[in-house]
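# Sequence isn't available, so here's the structure alone:
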């Protein structure tokens, strides 16, 4: 039975993504400000980025703690007053310290731009690092850590980073209970003066940007003077551990967390777009090989995914899943089987067509709206690239061949190079 | 201001269209007026299991996802106590693919035993991942039946007992489909660079032929008024003690909903909320504390959850929470504080409505609870709330005999 209404509508080619127009304005003190005008509502996103991430820390937790303490009191306001002001102006402020960069992102109604910039200047450049607040924060963080340590996902992921990057590098440092002692305000001030310096700051503004924004940015940030420009004195080595396989027992666990992967190239490498496409085929979307096999065919898990991510000094790829405990070995075998299959057999045209279209649509989603535009620009900018990176990526999505994919699988997914961490 | 048009088809399907010319994508949200509150107490978790089965393909389209991915689209779905909600985004050029896929699976589903068996184990693993293998994961599974004795909100969407899901059979699934999945039980909202004329034509073409069905009559027992305080204590292998408190509140559509929503923000909206300021920052009793409304369509709950700092006695922590709550009963919040939570609400509402997917979801939900225009007018409902109203609502709902408390204690504290 086939009613006329059941006939599939034609699949139309769709517009390519539009990365928007990124303008650069430079403040008097050379701070670069990128602006992206977009959106239908009078809202803005503003991000301040510093090279103040975890890889800069000379004491564990220093980067994240310095970042989290920014709103815990300034020279003018107490922590309580700062959070009350932010809430009063309806600001959603996200502090973050990641592996390479740290800073903050604020989302707010455009009409509050003046007040928001004043507050941000105070938060970023006049923090007081009060000891009482620091002690409270560290005690809180210790509790969060103890709770997170109960999650097999966290146990496996921490061990994964330690294994692939080595415990001697901040990328691979596995947080210990003892790390939560021994941070004093003076250490935070030192880190702050070195890394939260205007000379290392970049600003990305997007949304419906009021006319006076550039002036307000100049007023608040253009006359900030740099301290002594700090050059790093220590450069720990990235060195993966010898032992590739680890199993960590967790009493009472009903599922095991599996992490399989290794360090890899980052966005600056010409093979990176191809590797991203290979990753999508393997485990990067709902129709991926791993999802079809391990969830939709076997029912071992609620979800499985693979990820390729860039870091400044490296990159990594990881396959992640939580599976029924008694299915752990079967799932691991299937993961390797799927990798080998990609190494041995070229991807069929039909499957590649799905991936090409899915990823082209995804590029549209990555640039849809003022917030997404800024996020995508940032993740190219972080690697010294601009939105032409995405043009090249879009081109690779259209043109990559099954043989190229197979060859990438052989180059980047050598089974012997992969680390395998299981917690549960 | 979010403009929209709305119309209905003869088979009862309601459609809402919002035009946003700034995006190359179109979002399509399809809401089915069925959630876990519509389940048989002996067969819970079915609404959610069914959501999984909706991706299993039909006789006409063996796989739901593939054609959508070929069209450049992406999709997902969620189930809660009240609704089952499916959504997709696709380049505007291919929106018809969305209509084809959604109308096809509304019309008929391929109920295969194999698909059912696989999705039963996927859902079991979802249950394990979310509730069993997480510290504090079962807390809401315990709190619900403490607060609700009769109303189906007493069980969570995943089910009262995972064996209900494991024991379900194809005949239950088939019956569930025909009693809940129907054009007259669904609302579609489309947002993107589309015209109402085109969406009307596509709706007629694809959904028009799907027959109206006789859906199950909703017959949900009302929860009797709670008359005395309820307390439950459990011990689990977790690092810290935790407290969960729940009070019965009003339905989603009542005037008091907006008052209580602001009240929960006074308590815990952002780090300047009273609970955080007084009990985390001030007295250092909790490592985290939160307050929220479950925002259910039938009368739901206001919940306060907190994890204790090491060495804090649970009685002391609870007394401090009660003090913060009681202050709301005794004293009208000052206008500055009320203004703050209203501003924050307005800001979050505008920020969320910058995305087409959120707009489509929100429009469909507003239509379900009465009027899509709520997407614009709710801000006014919040704006017209004042301190007196907050105090009055606190006195009405936040009283001990309306409260259920779960003490979730650590069984391994001594070892630390």
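It's in. Because the structure is a prediction, the values reported are computed rather than measured.
# Now do whatever residue of the stretch 101-250 of chain B ends up closest to chain A against residue B:52, distance only.
Here the residue of the stretch 101-250 of chain B nearest chain A is residue B:121; by C-beta to the nearest C-beta that distance is 3.3 Å. No exception for glycine: its C-beta is placed from N, CA and C like everyone else's. Distance check for residue B:121 against residue B:52: by C-beta to C-beta, to the nearest Å, it reads 11 Å.
# With residue B:412 instead?
From residue B:412 across to residue B:52, the span is 36 Å (C-beta to C-beta).
# which of the two has more neighbours?
Regarding residue B:412 and residue B:52, a neighbour count based on other C-beta atoms under 10 Å in any protein chain shown identifies residue B:52 as having more, with 20 against 11.
# Where does that one fall, secondary structure wise?
Counting by DSSP states H and E, the element that carries residue B:52 is helix B:46-53.
# So which elements touch that helix?
strand B:74-79, strand B:84-91, helix B:113-127, helix B:162-166, helix B:170-180 (3 or more C-beta pairs under 8 Å, 6 or more residues apart in numbering or on different chains; DSSP states H and E).
# Tell me which of these lies nearest to residue B:290.
Relative to residue B:290, the nearest member of the helices and strands packed on helix B:46-53 by C-beta to C-beta is strand B:74-79, separated by 20.7 Å.
# Partner strands of that closest one and their direction?
Strand pairing for strand B:74-79, using DSSP bridges, gives strand B:84-91 (antiparallel).
# taking the mean pLDDT, what do you get for the strand it pairs with?
Averaged across strand B:84-91, the pLDDT comes to 98.
# Next: stretch B:64-78.
What stretch B:64-78 shows for mean pLDDT is 97.
# Likewise for stretch A:235-250?
The model assigns stretch A:235-250 a mean pLDDT of 93.
# likewise stretch A:111-125?
So the average pLDDT for stretch A:111-125 ends up being 98.
# Flag every buried residue along the helix or strand harbouring residue B:18.
Residue B:18 belongs to strand B:14-19 when assigned by DSSP H and E. For strand B:14-19, burial by neighbour count (16 or more other C-beta atoms under 10 Å in any protein chain shown) applies to B:14-19.
# now do stretch B:175-182
Neighbour counts over stretch B:175-182 (16+ other C-beta under 10 Å) mark B:176-177, B:179-182 as buried.
# The residue of the stretch 101-250 of chain B closest to chain A and residue A:300 touch, don't they?
Yes - shown here, residue B:121 and residue A:300 form a contact pair, counting by C-beta atoms under 8 Å, at 7.5 Å.
# Could you name every residue contacting both of these two?
Common contacts of residue B:121 and residue A:300, defined by C-beta atoms under 8 Å, 6 or more residues apart in numbering or on different chains, comprise residue A:324.
# Of those two, which one has the most company?
Counted by other C-beta under 10 Å, residue B:121 and residue A:300 do not tie: residue A:300 has more neighbours, with 24 against 19.
# Now tell me what touches whichever helix or strand comes after the helix holding residue B:52 from outside.
Using DSSP H and E, the helix or strand that follows helix B:46-53 in sequence is helix B:65-70. For helix B:65-70, contacts defined as C-beta under 8 Å, 6+ apart pick out A:8, A:11, A:285-287, A:353-355, A:357-358, A:361, B:55, B:61, B:74-75, B:88, B:90, B:97-98, B:100-101.
# In strands only, show me the residues you listed.
Taking DSSP state E as the definition of strands, the contacts of helix B:65-70 contribute B:74-75, B:88, B:90.
# what sits against residue 325?
Unless you meant another one, I'm taking chain A. For residue A:325, the contact set (C-beta under 8 Å, 6+ apart) comprises A:253-256, A:424.
# wait, I meant chain B there
By C-beta under 8 Å, 6+ apart, the residues touching residue B:325 are B:267, B:304, B:394, B:398.
# so who does the first one touch?
Meaning residue B:267. Residue B:267 makes contact with B:273-275, B:291, B:304, B:324-325, B:328 under the criterion C-beta under 8 Å, 6+ apart.
# Point me to the helix or strand that includes it.
Residue B:267 is part of helix B:255-268 when elements are defined by DSSP H and E.
# Just the mean pLDDT for the following helix or strand past that helix, thanks.
Once helix B:255-268 ends, the next helix or strand along the chain (criterion: DSSP H and E) is helix B:274-275. Averaged across helix B:274-275, the pLDDT comes to 98.
# Name the residues that touch helix B:274-275?
B:266-268, B:286, B:289-291, B:304, B:306, B:321, B:324, B:327.
# Nearest to chain A among these?
Of the contacts of helix B:274-275, the one sitting nearest to chain A (C-beta to the nearest C-beta) turns out to be residue B:286, at 8.6 Å.
# how about the residue nearest to the closest one when sequence neighbours are not counted, secondary structure?
With C-beta to C-beta, 6 or more residues apart in numbering or on different chains as the criterion, residue B:286 has its nearest non-adjacent residue at 4.5 Å, and that residue is residue B:306. Secondary structure for residue B:306, judged by DSSP: H, G, I helix; E, B strand; the rest coil, is strand.
# I'd guessed residue B:306 sits against residue B:288; true?
Yes - between residue B:306 and residue B:288 there is a contact under C-beta under 8 Å: 6.8 Å.
# and the two? which has more neighbours close in?
Set residue B:306 next to residue B:288 and count neighbours by other C-beta under 10 Å: residue B:306 wins out with 27 against 18.
# Please name the residues that touch that one.
B:242-243, B:275, B:279, B:286, B:288-290, B:317, B:321.
# from those, which ones fall inside helices?
B:275, B:317, B:321 (DSSP state H).
# So what's the residue count around the last one?
Think residue B:321. Residue B:321 has 23 nearby residues by other C-beta under 10 Å.
# Please report the distance of it from residue A:146.
From residue B:321 to residue A:146 the distance is 22 Å (C-beta to C-beta).
# One more: residue A:50?
Distance from residue A:50 to residue A:146, by C-beta to C-beta: 30 Å.
# More neighbours: which of those two?
Counted by other C-beta under 10 Å, residue A:50 and residue A:146 do not tie: residue A:50 has more neighbours, with 23 against 20.
# In this structure the more buried one contacts residue A:98, no?
No - assessed by C-beta under 8 Å, residue A:50 is found out of contact with residue A:98, at 11.1 Å.
# Tell me who's in contact with the residue nearest to residue A:410 when sequence neighbours are not counted.
Distances taken as C-beta to C-beta, 6+ apart put residue A:343 closest to residue A:410, at 4.9 Å, once the chain neighbours are dropped. Residues in contact with residue A:343 (C-beta under 8 Å, 6+ apart) are A:406, A:409-410, A:413.
# Same question for residue A:338.
Applying C-beta under 8 Å, 6+ apart, the residues near residue A:338 are A:282, A:289-290, A:293.
# pLDDT below threshold where in the stretch 51-200 of chain A?
Under the criterion pLDDT under 70, no range of the stretch 51-200 of chain A is flagged.
# picking that back up, how about TSV for the contacts of residue A:343, with secondary structure added?
Compiled in TSV, the contacts of residue A:343 are given as follows (three-state DSSP):
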residue	secondary structure
A:406	helix
A:409	helix
A:410	helix
A:413	coil
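# Please pick the buried ones from these.
Buried by 16+ other C-beta under 10 Å: A:406, A:409, A:413, out of the contacts of residue A:343.
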